[in-house]
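**Q** Pasting the sequence and the predicted model now:
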Amino acid sequence: MPEYPGTEHERRIAPEALTRQVAAIFAGCGMSREDAGWMAESLVMADLRGVHSHGVLRVPEYVEKLLAKGVDPRGRPRIVKDNGAALVIDGGNSMGQIGAAFAMRHAIERARTANLGAAAVRGSNHCGAMFSYAMMALAEDMIGIATTNALPTMAPWGGKDKIVGINPLAVAIPAGKEAPIVLDAAFSYSSHGKIRVFQQKGYPIPSTWSFDEEGAPTTDTTKAIAGLLRPIGEYKGVGLAIVMGILASLLSGAGYGLESGNMVEGAIPGKDGHFFLAIRVAAFEEPRIFRRRVDGIIGEIRSSRPVDPLKEHAQAGAARRDPASVLCASRHLYAPGGLEAETEARYRREGIPLNAETLSGLGAAEQRAAGRGA
C-alpha cells in the first residue's frame with residue numbers, strides 16, 4: 001500500500017537530494033559509485049511509490065550488513081550456469097539489489113532472442129522491493145516477474161513455528177496510454193517493515209495483520225514483531241509463499257527457509273535466493289494490440305462502481321488506523337500499480353514524506369559510513 005498514517009513530525013524531502021545522500025552513504029561503505037547509485041535509486045523509488053517499508057528506512061540495516069554482518073560491498077554477481085533461456089547466477093555475496101538487477105538484465109537480454117528469459121539467483125542477500133526488477137522488463141515490451149525468499153516470519157496454517165517466509169511476488173505488465181499494471185505483494189497481510197513504520201508513528205496495527213507468539217491476533221506492534229505474520233487467504237497464502245520460496249531458492253541452490261537465517265540471529269550472508277522471468281509479448285501477440293487491451297482492462301476497472309464511500313470523518317479515522325482503508329474509502333478504483341503511480345507523481349512534485357525516526361536513522365548511517373575504518 002502506498003500511503004501510511006501521517007504525523008506532524010514528517011518532512012518532505014526532494015527525491016534527487018535523497019538519492020544523492022543515500023548513494024554517498026553506500027559509497028562510504030565501500031561500494032562502487034555505480035552500485036551505490038543503483039542502491040540509492042531502488043530505495044528512493046520504493047519511497048516514491050509509497051512503499052516506505054522498503055525505502056530508505058532500510059539504509060541503517062543495510063549499512064550494518066555491509067560494515068559488520070559480512071555482506072561484501074564489492075561483491076560481483078556472475079553467471080555460473082548457462083542453458084540458453086535459463087541462467088543460474090551467483091550473487092557473489094553482494095547486496096541483493098546488485099545481484100537481482102544483474103539477473104533481471106540478463107533475463108531480459110535472453111528474452112530478446114529466446115522470447116523467454118529466466119534467471120535463478122543464489123549467493124545473494126535481501127534485495128528490497130521486487131517491483132523494481134519486474135518493472136525493468138516494461139521498456140522492452142516484456143512482462144516481468146520476480147520473486148525472492150525471505151526470512152521465516154509465518155507458520156504453516158494452524159501452527160506456531162516460524163518456518164515460512166512471506167516470499168513476495170511481483171508482476172509488471174506493459175500498458176499503452178495507461179500506467180502499467182504492477183502487482184507487488186507478499187503472502188502475508190503485512191510485513192515487518194510496515195509494522196515498523198506503524199511502530200515508529202506510535203499507532204497500533206490492524207488486528208488482521210499479525211499473531212503474537214502464541215498464535216493469537218494482536219494490534220501491538222512489539223508483540224507482532226516477536227510473533228507471527230498472518231498469511232493472506234489463510235492456508236492458501238502459506239501455500240503460495242512456500243511455492244515462491246521453492247522457485248527463489250531450490251532452482252539455484254540458495255537457502256530455503258531457516259537455511260538462510262532467522263529473525264532473532266538475522267540473515268546468513270550470501271544465502272538468499274531470487275527468481276526472475278522476462279516474457280517477450282511479441283512472441284505471443286502484437287504488442288500494440290496487447291497494450292491496448294491492457295488499457296481497456298484498466299479503464300474497465302476505473303469506470304466500475306465502487307462501494308459507497310465512507311463519510312469523511314469515518315474515512316479519516318479508518319485511514320489513521322489502517323492504510324488499506326484508503327482504498328476501501330476511495331471514490332476511485334485502481335488496477336494494481338495505479339495508486340502507486342499517482343503517489344509517485346505527487347511525491348516527485350511535493351517531495352517524499354519521511355518521519356523523524358527514518359531521518360535520524362539516515363543521519364546515523366551517514367556518520368557511520370563516513371567513519372568507516374576510523
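**A** Nice, I can see it. Numbering: from 1, shown residues only.

**Q** contacts, neighbours, all on C-alpha from now
**A** OK.

**Q** Next, the contact list for Ala224, please.
**A** Going by CA atoms under 8 Å, 6 or more residues apart in numbering, Ala224 touches 195, 210-213, 218.

**Q** Mind listing what's buried along the host helix or strand of it?
**A** For Ala224, the element it lies in under DSSP states H and E is helix 221-226. Applying a neighbour-count criterion of 16 or more other CA atoms under 10 Å, one finds 221, 224-226 buried in helix 221-226.

**Q** And the residues you listed, which is closest to Glu265?
**A** Closest to Glu265 out of those is Ala226 (12.7 Å), distances taken as CA to CA.

**Q** OK, contacts around the closest one?
**A** Shown in contact with Ala226 (CA under 8 Å, 6+ apart): 212-213.

**Q** Name the nearest residue to Gly128, sequence neighbours excluded.
**A** Take Gly128 and drop its neighbours on the chain: the residue closest to it by CA to CA, 6 or more residues apart in numbering is His54, 5.7 Å away.

**Q** quick one: secondary structure of the closest residue to Met130 other than its chain neighbours?
**A** Of all residues not flanking Met130 in the chain, Ala170 sits nearest, at 5.6 Å (CA to CA, 6+ apart). At Ala170, secondary structure determined by DSSP: H, G, I helix; E, B strand; the rest coil is strand.

**Q** Can you give me the domain assignment for the protein?
**A** Domain assignment for the chain, taken from automatic domain parsing, gives 1-68+352-374, 75-188+231-286, 288-351.

**Q** residues contacting the residue nearest to Gly128?
**A** Neighbour list for His54: 43, 46-47, 128-129, 193 [criterion: CA under 8 Å, 6+ apart].

**Q** ditto for Val264
**A** So Val264 contacts nothing (CA under 8 Å, 6+ apart).

**Q** Kindly report the same for Asn167.
**A** Listed by CA under 8 Å, 6+ apart, the contact set of Asn167 reads 147-150, 186-187, 241-242, 244-245.

**Q** Same list (the residues you listed) but as TSV, adding pLDDT, secondary structure and neighbour count.
**A** Formatted as TSV, the contacts of Asn167 follow (pLDDT from 0 to 100; DSSP: H, G, I helix; E, B strand; the rest coil; neighbours: other CA atoms under 10 Å):
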residue	pLDDT	secondary structure	neighbour count
Thr147	98	strand	30
Thr148	98	strand	32
Asn149	96	coil	32
Ala150	95	coil	30
Ala186	94	coil	24
Phe187	95	coil	26
Ala241	97	helix	28
Ile242	97	helix	22
Met244	98	helix	25
Gly245	97	helix	29
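
**Q** ok, of those residues, which one's closest to Leu362?
**A** Nearest to Leu362 among the contacts of Asn167: Ala150, at 23.9 Å, using CA to CA.

**Q** Would you list the strands that whatever helix or strand Arg122 lives in pairs with, along with their directions?
**A** Here Arg122 sits within strand 116-124, counting by DSSP H and E. Each strand paired with strand 116-124, and its direction, by DSSP bridges: strand 86-90 (parallel), strand 272-280 (antiparallel).

**Q** count of neighbours near Ala114?
**A** Using other CA atoms under 10 Å, Ala114 has 16 neighbouring residues.

**Q** Distance-wise, check it relative to Leu87.
**A** Relative to Leu87, Ala114 is positioned 12 Å away (CA to CA, to the nearest Å).

**Q** before we move on, back to that, and the pLDDT for the residue nearest to Gly128?
**A** We have a pLDDT of 93 for His54.

**Q** Just say which of the domains of the chain is most tucked in.
**A** Here the criterion is mean neighbour count by mean count of other CA atoms under 10 Å, and of the domains of the chain the winner is domain 75-188+231-286, at a mean of 22.

**Q** Need the contact partners of the helix ranked longest in the chain.
**A** Selection of the longest helix in the chain by residue count, based on DSSP state H, yields helix 96-114. Residues outside helix 96-114 that contact it (CA under 8 Å, 6+ apart) are 35, 38-39, 42, 76-77, 84-87, 89-92, 116-121, 124-128, 133-134, 136-137, 140, 274, 276-280.

**Q** show me what contacts the residue nearest to Met130?
**A** With CA under 8 Å, 6+ apart, Ala170 has these contacts: 130-131, 134, 144-147, 182-185.
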